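Asker: pasting the sequence and the predicted coordinates here, then a few questions.
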Amino acid sequence: MRKKHILITGPPGIGKTTLIKRISHDLQNLNPAGFYTEEIRVEGIRKGFSLVSLDGKRATLSHTDIASRDRVGKYGVDIAAFEDFLSHIAFFSPDTGAIIIDEIGKMECISDRFNKLLKTILEQERPVIASISRTGEGIIKEIKNLLTLSFS
């Protein structure tokens, strides 16, 4: 059986997260598991990103106030919090009918655990719908190459 995964990409602010949230709502009958990201804004200024699981749990992925050796631009990335957050998502439950991930980006891919998790998830027959960075090396490029259709 051919795997049916969908990657969504585009420039920042185009609506990828809005689409992911709508898809996760529309696929409730499949009992999806996964997460989406939200901006953390203070007085209109973006200060970081939070994670929200499809069952409503929250964690902070990155923030300008996080002192971390793992950084993307001005944001310190809390890898330990991210990996703990991931451990509570039912990606491999027999009841889970689809996986939704927003996003496969530079911050998330700092985590080796997340990268291994992605590879395992993508090897399964369960459909995956994910947003992915338009640019990036390593696993971002690898996943795009794996899932991109080529027509000759």
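Answerer: Here it is on my side, so go on. Numbers count the residues shown, from 1 in each chain.

Asker: state the helix or strand in which the closest residue in space to residue 61 that isn't next to it in sequence lies.
Answerer: Counting by C-beta to C-beta, 6 or more residues apart in numbering, the nearest residue to residue 61 once its immediate chain neighbours are dropped is residue 49, at 4.7 Å. Yep, even glycine has a C-beta here, placed from its N, CA and C like the rest. Applying DSSP states H and E as the criterion places residue 49 in strand 45-53.

Asker: could you list the buried residues of stretch 120-135?
Answerer: Residues of stretch 120-135 classed as buried by neighbour count (16 or more other C-beta atoms under 10 Å): 121-122, 126-133.

Asker: stretch 58-67 now?
Answerer: So for stretch 58-67, counting by 16+ other C-beta under 10 Å, buried means 59-63, 66.

Asker: all helices for the chain, in order.
Answerer: For the chain, the helices defined by DSSP state H cover 16-26, 79-86, 112-123, 139-147.

Asker: these: which one's closest to residue 105?
Answerer: Nearest to residue 105 among those is helix 139-147; the distance by C-beta to C-beta comes to 7.5 Å.

Asker: which strands and helices lie in contact with the closest one?
Answerer: Judged by 3 or more C-beta pairs under 8 Å, 6 or more residues apart in numbering; DSSP states H and E, the packing partners of helix 139-147 are strand 5-8, strand 99-104, helix 112-123, strand 128-132.

Asker: try 7 Å
Answerer: Helices and strands touching helix 139-147, as assessed by 3 or more C-beta pairs under 7 Å, 6 or more residues apart in numbering; DSSP states H and E, comprise strand 5-8, helix 112-123, strand 128-132.

Asker: buried residues in the helix or strand of the chain with the lowest mean pLDDT?
Answerer: Comparing every helix and strand of the chain by mean pLDDT, DSSP states H and E singles out helix 139-147 as the least confident one, with a mean of 78. Of the residues in helix 139-147, 139-140, 143-144 count as buried by neighbour count, 16+ other C-beta under 10 Å.
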